[in-house]
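[1] okay, structure incoming, though there's no sequence with it:
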Ligand code: UD1
């Protein structure tokens with residue numbers, strides 16, 4: 001049987017590069033497409049990097065045919081919620097329209113299966129702050145809407161005979177490769193763990209806590225933080241599932257319990273050995289109070305078993321990478 005290859009879009013980015021490490025370790029043949037707008041060429045370890053945009057259909061078609069791709073893992077997207085509120089059309093262009101172009105190429109090239117990076121942001125503010133896959137999607141920011149529209153395109157294309165897919169709705173991804181080879185290098189980071197590590201190491205001033213009056217136990221926002229290594233493993237599980245003929249599905253990817261902003265800051269403080277400096281600020285636009293996964297379905301459907309469900313471990317790996325970046 002000919003071994004076919006996998007196209008990883010956004011493979012130079014934070015999550016894509018961590019998935020790439022596991023694909024390469026599993027002996028998969030991979031080609032990466034990334035426009036390096038937010039990713040880093042040196043995060044692409046063990047695969048060929050093609051620099052370009054997923055919306056470029058001529059390029060994508062060439063890659064799919066030239067590398068005999070039968071599977072696409074689609075990470076390339078813009079991912080910053082406040083930016084999506086300020087510039088929604090950019091998000092619909094980069095996330096929704098670009099995905100549409102990619103899907104057309106996948107259909108035309110006979111790609112068999114797709115694993116798609118979706119987001120818990122599709123849920124908006126679910127009742128009680130807990131989201132199950134059948135909780136109605138009701139995004140409250142353009143980022144979430146842009147991802148939901150991509151899910152709909154996948155669903156409709158699969159129903160019309162296109163590729164089967166697994167859409168993974170990521171909760172709050174954090175931490176870095178436990179072996180320290182790669183991490184989160186994003187410039188102008190906004191994600192809590194990254195910002196907290198930068199603040200701990202004095203790379204920026206005090207961290208702003210966005211909102212202390214939420215209806216949560218300590219008044220700050222609650223999220224389901226999942227280690228990027230566990231998230232990456234879910235993609236390999238999804239790949240196995242699809243190759244075994246599994247039906248198209250959409251699954252939450254989180255641990256199933258949440259931590260507040262203050263709890264995250266405390267964990268980073270423990271990893272650092274000193275408290276993270278912070279100031280209390282008003283709420284940030286587009287933020288729900290609480291968002292936690294109901295995560296039973298991914299465990300039963302894909303057999304996914306997380307290994308790093310530990311806030312302190314997430315904090316240690318995130319901080320270790322941040323120190324490495326400082327040289
Ligand atoms: C959001 C999306 C998520 C997406 C991620 C990428 C939602 C519900 N989730 O996560 O799907 O993958 O963006 O950008 O839209 N916080 C502070 N100070 C900071 C930074 C963050 O207090 O400097 C707080 C936020 O208000 C929030 C929590 O920390 O309560 C997590 O924020 P962040 O790490 O930015 O991720 P989300 O916005 O939850």
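    Alright, I've got the coordinates. Model, not experiment: these values are computed from the prediction.
[2] tell me how far the ends of stretch 69-80 are from each other?
    The first residue of stretch 69-80 is 30 Å away from its last residue (Cα to Cα, to the nearest Å).
[3] okay, whichever residue of the chain sits closest to the ligand: pLDDT?
    Closest contact between the chain and the ligand, by Cβ to the nearest ligand atom, is at residue 221 (2.4 Å). Heads up, the C-betas are built off the backbone N, CA and C, glycines and all. If you check residue 221, the pLDDT there is 98.
[4] quick check: beta-bridge partners of residue 291?
    Assessed by DSSP bridges, residue 291 has beta-bridge partners residue 223.
[5] how about the contacts made by it?
    120, 123, 125, 126, 129, 131, 171, 172, 222, 223, 224, 258 (Cβ atoms under 8 Å, 6 or more residues apart in numbering).
[6] of the residues you listed, buried ones?
    Buried by 16 or more other Cβ atoms under 10 Å: 120, 123, 126, 129, 131, 171, 172, 222, 223, 224, 258, out of the contacts of residue 291.
[7] my read is that the first one contacts residue 168, right?
    No. Counting by Cβ atoms under 8 Å, residue 120 does not reach residue 168; the two are 10.1 Å apart.
[8] got the buried residues for the least confident helix or strand in the chain by mean pLDDT?
    Lowest on mean pLDDT, DSSP states H and E among the helices and strands of the chain sits helix 81-86, with a mean of 91. Within helix 81-86, the residues that count as buried by 16+ other Cβ under 10 Å are 81, 83, 84, 85.
[9] what residues does the helix or strand just after it touch?
    Using DSSP states H and E, the helix or strand that follows helix 81-86 towards the C-terminus is helix 88-91. Helix 88-91 is contacted from outside by 78, 83, 84, 142, 143, 145, 146, using Cβ under 8 Å, 6+ apart.
[10] I'd assumed residue 162 was in a strand, is it?
    No. Applying DSSP: H, G, I helix; E, B strand; the rest coil, one finds residue 162 to be coil, outside a strand.
[11] what residues are up against it?
    Neighbouring residues of residue 162 by Cβ under 8 Å, 6+ apart: 103, 106, 107.
[12] okay, and which of the residues you listed map to helices?
    103, 106, 107 (DSSP state H).
[13] wait, the residue of the chain closest to the ligand touches residue 260, no?
    Yes. When contacts are counted by Cβ under 8 Å, residue 221 is listed as touching residue 260 (6.8 Å).
[14] those two - which one has more neighbours?
    A count of neighbours by other Cβ atoms under 10 Å puts residue 221 above the other of residue 221 and residue 260, at 27 against 19.
[15] before we move on, back to that, now for residue 120 and residue 168: what residues contact both?
    Common neighbours of residue 120 and residue 168, using Cβ under 8 Å, 6+ apart, are residue 252.
[16] how about the buried ones among the contacts of residue 291 in a markdown table, adding secondary structure?
    Output for the buried ones among the contacts of residue 291, formatted as a markdown table (three-state DSSP):
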| residue | secondary structure |
| --- | --- |
| 120 | helix |
| 123 | helix |
| 126 | coil |
| 129 | helix |
| 131 | strand |
| 171 | coil |
| 172 | strand |
| 222 | strand |
| 223 | strand |
| 224 | coil |
| 258 | coil |
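[17] do a quick rundown of the helices in the stretch 201-327 of the chain.
    Using DSSP state H, counting those that start in this stretch, the helices of the stretch 201-327 of the chain run over residues 228-243, 261-272, 296-302, 311-325.
[18] if anything else comes up later, I'll come back, but that's it for now.
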